[in-house]
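S.K.: what would the 3D arrangement of this be:
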Amino acid sequence: MKAIVCKAWGLPDTLVVEELAAPLPAAGQVVVEVRAAGVNFPDVLIIQGKYQFKPELPFTPGSEVAGVVSAVAPDVTGFKVGDRVIAFTATGGFGQQLAVPAQALMPMPPGMDFDTAAAITLTYGTSHHAVVDRAALKSGETMLVLGAAGGVGLAAIEIGKALGARVIAAASSDEKLEVCKAHGADAVINYSKEDLREAIKAATGGKGPDVVYDPVGGDYSEAAFRSIAWRGRYLVVGFANGEIPKLPLNLTLLKGASLVGVFWGEFAKREPKANLAAMRELLGWLAEGKIKPRISARYALADTARALEDMAARKVTGKVVILPQA
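M.R.: Residues are numbered from 1 along each chain as shown. The predicted model follows:
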């Protein structure tokens with residue numbers, strides 16, 4: 001089988017396509033023929049050795065896949081050859097096949113296509129954990145989403161609307177904000193043109209947002225936190241900007257506000273039952289049309305480096321996927 005291989009820490013152009021031995025299932029494992037693999041910002045960080053964990057070199061990046069079961073270990077009873085499944089794994093997604101523990105699999109709902117199935121796990125899982133579990137966003141509250149046109153940003157908008165909240169989307173271009181409006185944003189802020197604090201004040205009548213969803217970091221974080229409402233919850237989701245902000249802690253005191261960390265991968269590992277319940281709610285919302293992953297581009301396996309470069313350059317709206325069999 002063919003797979004993308006990271007042999008040394010570096011930028012996407014250091015990745016290579018190699019022919020590897022097809023995997024066999026060890027005890028407790030299932031082999032999946034990958035039909036689509038989601039691309040996420042952590043993939044850009046992992047290949048540079050900048051993420052929360054460092055796999056041993058060499059490795060195949062990619063954590064979010066959808067495909068068909070092609071082999072099952074004798075001790076696995078929950079899946080069979082031919083099943084359509086969604087898998088979340090630390091590495092291995094950007095290849096034509098991978099072996100994963102059976103507990104990392106979830107059956108694909110009837111009627112779901114592979115591209116959508118590969119686009120829902122990490123982004124929507126992260127945003128559900130952030131907005132529903134960590135922030136406890138309520139109907140009638142207001143949420144500000146920074147970097148709102150990205151995968152987790154659009155997911156946060158849709159989840160906020162599903163909960164009955166008012167959602168303000170902030171992004172760096174008018175084109176990105178049009179995408180946010182199409183996914184339900186009630187108001188938009190172009191922070192490349194507008195003063196963020198003044199725009200938030202105008203959009204909230206001076207009250208500020210009850211929840212700030214921040215997957216970006218950098219210069220906008222302090223301005224957003226200074227604008228938060230009394231008893232607000234500031235969600236620290238990631239640092240797509242590349243800069244980890246340093247926030248003055250006196251702001252938490254003055255606003256009676258909370259800084260809330262969001263690490264979905266660790267949540268899914270430590271609290272698998274809660275994560276499964278969240279995924280079931282998301283799939284229910286998907287069936288009802290309340291959420292709809294945006295697939296903005298599809299890449300062949302050989303073009304994986306370009307997909308990661310586009311992600312790193314923040315050219316992506318919604319999700320992009322790799323099609324290893326194409």
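S.K.: longest helix of this protein?
M.R.: helix 272-288 (DSSP state H).
S.K.: send me that helix as CSV with only the CA atoms.
M.R.: This file holds the C-alpha atoms of helix 272-288, laid out as CSV (Å, rounded to 0.1, in the frame of the first residue of the first chain):
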residue,chain,number,x,y,z
PRO,A,272,-14.7,7.6,26.3
LYS,A,273,-18.3,7.2,27.4
ALA,A,274,-18.9,11.0,27.5
ASN,A,275,-17.2,11.3,24.2
LEU,A,276,-19.4,8.6,22.6
ALA,A,277,-22.5,10.4,23.9
ALA,A,278,-21.3,13.6,22.4
MET,A,279,-20.7,11.9,19.0
ARG,A,280,-24.2,10.4,19.1
GLU,A,281,-25.7,13.9,19.7
LEU,A,282,-23.6,15.2,16.8
LEU,A,283,-24.7,12.5,14.5
GLY,A,284,-28.3,13.2,15.5
TRP,A,285,-27.9,16.9,14.7
LEU,A,286,-26.3,15.8,11.3
ALA,A,287,-29.3,13.7,10.5
GLU,A,288,-31.6,16.7,11.4
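S.K.: buried residues, it. List them.
M.R.: Asn275, Ala278, Met279, Leu282, Leu283, Trp285, Leu286 (16 or more other Cβ atoms under 10 Å). For the C-beta atoms, the positions are set from N, CA and C on the backbone; glycine is no exception.
S.K.: so what's the fourth one up against?
M.R.: So that's Leu282. For Leu282, the contacting residues are Ile120, Tyr124, Gly125, His128, Ile291, by Cβ atoms under 8 Å, 6 or more residues apart in numbering.
S.K.: who wins on neighbours among these?
M.R.: Tyr124 (28 neighbours; other Cβ atoms under 10 Å).
S.K.: next, the closest residue to that one other than its chain neighbours: secondary structure please.
M.R.: Using Cβ to Cβ, 6 or more residues apart in numbering and skipping the chain neighbours, the partner closest in space to Tyr124 is Ala155 (4.6 Å). Classification of Ala155 using DSSP: H, G, I helix; E, B strand; the rest coil returns helix.
S.K.: just confirm Ala155 contacts Thr121, I think it does.
M.R.: No: the criterion here is Cβ atoms under 8 Å, and Ala155 misses it with Thr121 at 10.7 Å.
S.K.: show me the contacts for Ser173.
M.R.: Asn190, Ser192.
S.K.: sorry, slip of the keys, the one I care about is Gly62.
M.R.: Contacts of Gly62 by Cβ under 8 Å, 6+ apart are Ile4, Ala37, Gly38, Val39, Asp43, Thr91, Gly92, Gly93, Phe94, Gly95, Ile322.
S.K.: helix/strand/coil for it?
M.R.: Going by three-state DSSP: Gly62 is coil.
S.K.: Ala130 too?
M.R.: Applying three-state DSSP: Ala130 is helix.
S.K.: one more: the one 10 residues further on?
M.R.: When the structure is reduced to helix, strand and coil (three-state DSSP), Gly140 reads as coil.
S.K.: burial count for it?
M.R.: 10.
S.K.: chain neighbours aside, what residue packs nearest to it?
M.R.: Here the residue nearest Gly140, using Cβ to Cβ, 6+ apart, is Gly164, at 6.6 Å.
S.K.: quick check, the one you found in a helix?
M.R.: No: counting by three-state DSSP, one finds Gly164 to be coil, located in no helix.
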